[in-house]
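> Structure, please.
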Amino acid sequence: MRGIVFDGTKTEFVDGLTLRAPGPRDVIVEIAAAGLCHSDISYMHGLYPVPSPGVCGHEGAGVVVEVGNAVTHVEPGDHVIIATLAACGFCDRCADGHPTGCRQTLANWSQPFTLDGEPIYNFAATSAFAERTVVRDVQCVKIPDDVPLTSAALVGCGVVTGMGAVFNRANVKRGQSAAVFGVGGVGLNVIQALKVQGATTIIAIDTESKKEALAKQFGATHFIDGNRDDVVVAIGELTPWNTELVRGPFNGGGVNWAFDCVANPAVTFNALESLDWEGTVVVIGVSGQTTEFHGLYGRLTQVDRGIIGCRYGTISPHRDIPKIIELYLRGDVLLDELVSQTFPVEQWESAVQGLESGTVARGVLTF
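Next up, the predicted model:
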C-alpha cells in the first residue's frame, strides 16, 4: 500500500505499508482524496510534539471498505468524510455536543501501520495520505454519493475549522462586520460562513494581493493588501466610529469580529486593534507552542472586547458536517471552488511547493 511517511527527519513517498484489521468500533476507509494544509507541512517539519515515524495527512474522504462488528452507522460502500476528532462519546463534553473539549481527542495516537516490519504511527487520528486508513467509527460521517470526494475531503478540516469558528465559536449576527486575516483554505470558509450568517461588511486581508478575486468570490465585500503598514487604519476607514471620526474614544470604530487565521503575533495585534467596542478576536490559526503575542489591556477592559481561541471550529462532526453538505447541495456555500488543483499522490511535493509559495490556495492529493 502506498503512502507518505514522516520519519522524524524527512518525509518520503513509500510503497509497502500494511494496515491492521479493524477492531470492534473501527472503520477501514479507502482514501479517494486528501487535502493538504499548513498543519500537514508543520507535521512534516517536526513542529508537533507527536511520535514518529508516522503516516501523514489529516483531511480525507473516501469509501468504507470494512467495519468492526460493533459499527452500525456506516457500512462498506458508504462515502464518508473523516473527522480528526476521535472523541470518546461518553464524557460530559461529548454529551454536551462539544467533543473538541473531550480529553481523549489528544495524545491518542496508535500504530495501525507497518512498513518493512516496523510499526508506524498515525497522525491526528487520521493518516489520510495513504491508500487506506483505519479510524474510529465516530470519526466517519456518511455523505451522499453525488458529492465529489475531492471537494468533500476539504470539509474534514479546513472547511469545518473556518465555518465552525463562525457558526459555533463566534456569535455573528446579521448586519455585523468582520475582518478575516488570511485568505487560505480556512479563511475562505470563514468568509463564506460570515456571508451565510448575514454579515454585511466582510473585509479580507492577505499579503498575496492576487487572492482578492478569490476572497470576493467567496463573499468578501472588501480586500486589503496585508503588506500595507496601515492595515488597521484601512479597516477603520471602512468601518468608522461615525461620519466624522474614523476612531472614537477607547479606539472605538472598527469591526465587530476579527478572525485570525494566521496566528502570527503581528496579525493578532492588528486584529485586536481593528475591533470596535464589544468586538472579539477569534484566533483560529495554529502557531508554535511557545509563540507569544501582545496587546494593550485598555483595548479589552474598558469596552468589553475579547480574544478567544477556537479548536477545529468547535464542531460536533455528526451535527455540523451534514449541515455544511446540505448548504453545499443547496448552493449556499462553495466547496468545488476551494480545490485549486489536484495532484496524484506521487506528486505530493509539488502540492507542498504550491501551498508554501501561495500559488495554490488548496491542493488535493488523489489516489
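
> Can you say which helix or strand has A128 in it?
A128 belongs to no helix or strand when assigned by DSSP states H and E.

> Where do the domain boundaries of the chain fall?
Annotated domains of the chain cover 2-148+335-366, 162-313 [automatic domain parsing].

> Now tabulate those domains in TSV and tack on mean neighbour count.
Any C-beta I mention is one placed from the backbone N, CA and C, and that applies to glycine too. Shown next, in TSV, are those (neighbours: other Cβ atoms under 10 Å):
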stretch	mean neighbour count
domain 2-148+335-366	19
domain 162-313	20
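
> Make CSV out of the ones you listed and add mean pLDDT and distance to D320.
Listed next are the domains of the chain as CSV, based on pLDDT from 0 to 100; distance: least, Cβ to Cβ, whole Å:
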stretch, mean pLDDT, distance to D320
domain 2-148+335-366, 95, 9
domain 162-313, 96, 6
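
> show me where this structure has helices.
Assignment of helices within the chain using DSSP state H yields the ranges 38-44, 92-95, 149-154, 160-164, 185-197, 212-217, 231-238, 265-273, 298-301, 317-329, 348-357.

> Out of the ones you listed, flag the one nearest L17.
Proximity to L17 (Cβ to Cβ) singles out helix 348-357 among the helices of the chain, at 14.6 Å.

> Taking helix 185-197 as reference, get the angle to the closest one.
Orientation check (axes from the mean of the first three to the mean of the last three Cα atoms, to 10 degrees): helix 348-357 against helix 185-197 gives 60 degrees.

> quick one on the thing from earlier: closest one to V155 among the domains of the chain?
Relative to V155, the nearest member of these by Cβ to Cβ is domain 2-148+335-366, separated by 5.2 Å.

> Report the separation between S39 and H58.
Per Cβ to Cβ, to the nearest Å, S39 is found 7 Å from H58.

> for the domains of the chain, which one sits closest to I321?
Closest approach to I321 among the domains of the chain is made by domain 2-148+335-366 (4.5 Å; Cβ to Cβ).

> joint contacts of S39 and H58?
Contact criterion Cβ atoms under 8 Å, 6 or more residues apart in numbering; residues shared by S39 and H58: 124, 157.

> list the contacts for V190?
By Cβ under 8 Å, 6+ apart, the neighbours of V190 are 162-163, 165-166, 178, 180, 259, 261, 284.

> Surely C56 and D7 touch.
No - the pair C56 / D7 is not scored as a contact, 10.7 Å apart, by Cβ atoms under 8 Å.

> Kindly provide the distance from L238 to I203.
Between L238 and I203 the distance is 6 Å, computed by Cβ to Cβ.

> hey, what's in contact with both of the two?
Here L238 and I203 have H222 as joint contacts, going by Cβ under 8 Å, 6+ apart.

> just to revisit the earlier point, would you format the domains of the chain as a markdown table with distance to G156 included?
What follows is those, written out as a markdown table (distance: least, Cβ to Cβ, whole Å):
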| stretch | distance to G156 |
| --- | --- |
| domain 2-148+335-366 | 5 |
| domain 162-313 | 10 |
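
> can you tell which of those is closest to I325?
domain 2-148+335-366 (5.5 Å).

> chain center to the closest one: distance?
Here domain 2-148+335-366 is found 13 Å from its chain centre; the criterion is Cα atoms, centre = their mean, to the nearest Å.

> can you give me the end-to-end distance of it?
12 Å (Cα to Cα, to the nearest Å).

> Could you do stretch 62-74 as well?
Stretch 62-74 has an end-to-end distance of 12 Å (Cα to Cα).

> Determine the longest strand present in this structure.
strand 26-36 (DSSP state E).

> Show me where the stretch 101-250 of the chain has its strands.
All strands of the stretch 101-250 of the chain, identified by DSSP state E, counting those that start in this stretch, fall at 113-115, 118-120, 132-136, 140-143, 177-181, 201-206, 222-225.

> Let's see the fifth one as CSV, backbone CA atoms only.
Spelled out, that is strand 177-181. Taking C-alpha atoms only, strand 177-181 is exported to CSV below (Å, rounded to 0.1, in the frame of the first residue of the first chain):
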residue,chain,number,x,y,z
SER,A,177,-18.9,43.5,10.3
ALA,A,178,-15.9,41.3,10.3
ALA,A,179,-12.2,41.2,9.3
VAL,A,180,-10.6,38.0,8.1
PHE,A,181,-6.8,37.9,8.4
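
> Run through who's touching that strand.
172, 187, 190-191, 194, 199-206, 215, 220, 226, 235, 239, 255-262, 267, 270-271, 274, 276.

> just the angle between it and helix 185-197, please?
Angle of strand 177-181 versus helix 185-197, following the same axes, to 10 degrees, is 170 degrees.

> The longest one too?
Between the direction of strand 201-206 and that of helix 185-197, the angle (the same axes, to 10 degrees) works out to 170 degrees.
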